[in-house]
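Novice: Give the three-dimensional model of this entry:
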Amino acid sequence: MTLVVLAVDDEPPALDELAYLLGNQPEVGEVHTAGDATHALRELSERRIDAIFLDINMPGLSGLELAGVLRQYAEPPQVVFVTAHDDKAVDAFDVGAVDYLLKPLREQRLEQAITRVLAGRDTAPRTSDPAVRAGATDEVIPVEMSGVTSLVRRDSISWVEAVGDYARLHSDTGAHLVRIPLSTLATRWQDHGFQRVHRSYLVALPMVTGLRATGSSTVVAVRANGASEAVELPVSRRQLRELKDLLIRDPMRQYRSDGEP
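Specialist: Residues are numbered from 1 along each chain as shown. Sure thing, here's the model as predicted:
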């Protein structure tokens, strides 16, 4: 099987050269690129990546910090650092890098790194679902505020709101707008305790405190992390029965329904 690799560098000429050289390797089947750690995490959440070729000095999360995040994954991609700085090798291997390449990159040296990636690749079957590979509670979502990249853990999110092609994550660190459609998160997180209750809302089932009928409609109460009161969100009729079934099916849940049984 050929490798699927991700090249990450904040300098476009260096990124183009790295992607070109990787594409010339016969063992490499696909090359994806990212200009910073935020986009790299987005790529990793959308597809299986066997190895990531990573610059160290980047805005936002550095390459070393990104490699530290990847170590949380149940099946992380192998990391190869590609950098102009020769003083970070010890730190690189502390975060589990399989190789450390210096710029300007030599093709023969890249071939050696590819050989190490192939030798160290886990032979166990790998799932194609990045969310599963990251573990049930380990997935992190990169968010940006005022030029600073932060990581929001999935298990800190109470509910998600659709904003056009974006989604607003409501977590214990506040509300964060991310460029991911709500439909994508609903599919990805369905097996991790999240349920679509409306075309505009996705809720974390462990944070649901009850349902309440309001005339001809129903709302679901969701406990917001750090808030003193629950937030009430509309539930569509087509989603109501499934939501009730999911809540009642869990005998450990302190479930209270003020709506119909």
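Novice: any idea where the strands of the stretch 1-150 of the chain begin and end?
Specialist: Along the stretch 1-150 of the chain, counting by DSSP state E, counting those that start in this stretch, strands occupy 3-8, 28-34, 51-54, 78-83, 99-102, 140-145, 148-153.
Novice: okay, those, which one's buried deepest?
Specialist: Each of the strands of the stretch 1-150 of the chain was scored by mean neighbour count; the highest is strand 51-54, a mean of 27, by mean count of other C-beta atoms under 10 Å. Where you see a C-beta, it was placed from the backbone N, CA and C, and this is true even at glycine.
Novice: Which one of the strands of the stretch 1-150 of the chain lies nearest to residue 181?
Specialist: With C-beta to C-beta as the criterion, residue 181 lies closest to strand 140-145 of these, at 13.3 Å.
Novice: Quick one: mean pLDDT for that closest one?
Specialist: In this model, strand 140-145 carries a mean pLDDT of 70.
Novice: how is the protein carved up into domains?
Specialist: Domain ranges of the chain: 3-126, 155-249, per automatic domain parsing.
Novice: In JSON lines: those, plus mean pLDDT and distance to residue 141.
Specialist: Converted to JSON lines, these look like this (pLDDT from 0 to 100; distance: least, C-beta to C-beta, whole Å):
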{"stretch": "domain 3-126", "mean pLDDT": "87", "distance to residue 141": "8"}
{"stretch": "domain 155-249", "mean pLDDT": "87", "distance to residue 141": "6"}
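Novice: Turn these into a markdown table, columns for distance to residue 143.
Specialist: Converted to a markdown table, the domains of the chain look like this (distance: least, C-beta to C-beta, whole Å):
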| stretch | distance to residue 143 |
| --- | --- |
| domain 3-126 | 8 |
| domain 155-249 | 4 |
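Novice: residue farthest from the centroid of the chain?
Specialist: Ranked by distance from the centre of the chain (C-alpha atoms, centre = their mean), the top residue is residue 215, with 39.0 Å.
Novice: Neighbours of residue 24, how many?
Specialist: Neighbouring residues of residue 24 were enumerated by other C-beta atoms under 10 Å; the total is 12.
Novice: Check the spacing between it and residue 14 real quick.
Specialist: Distance, residue 24 to residue 14, using C-beta to C-beta, to the nearest Å: 16 Å.
Novice: same question, residue 78
Specialist: To residue 14, residue 78 is 20 Å away according to C-beta to C-beta.
Novice: Can you give me the buried ones in the helix or strand hosting residue 248?
Specialist: Taking DSSP states H and E as the definition, residue 248 sits inside helix 237-249. For helix 237-249, the neighbour count (16 or more other C-beta atoms under 10 Å) marks 239, 240, 243, 244, 247 as buried.
Novice: Using PDB, list the CA coordinates for it.
Specialist: Extracted in PDB, the C-alpha atoms of helix 237-249 (Å, rounded to 0.1, in the frame of the first residue of the first chain):
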ATOM      1  CA  ARG A 237     -40.800  16.900  14.800                       C
ATOM      2  CA  ARG A 238     -38.800  14.400  12.700                       C
ATOM      3  CA  GLN A 239     -36.000  14.300  15.200                       C
ATOM      4  CA  LEU A 240     -38.100  14.200  18.400                       C
ATOM      5  CA  ARG A 241     -38.900  10.500  18.500                       C
ATOM      6  CA  GLU A 242     -35.300   9.500  17.900                       C
ATOM      7  CA  LEU A 243     -34.100  11.900  20.500                       C
ATOM      8  CA  LYS A 244     -36.500  10.500  23.100                       C
ATOM      9  CA  ASP A 245     -35.500   6.900  22.300                       C
ATOM     10  CA  LEU A 246     -31.800   7.800  22.700                       C
ATOM     11  CA  LEU A 247     -32.400   9.500  26.100                       C
ATOM     12  CA  ILE A 248     -34.700   6.800  27.500                       C
ATOM     13  CA  ARG A 249     -32.400   4.000  26.300                       C
END
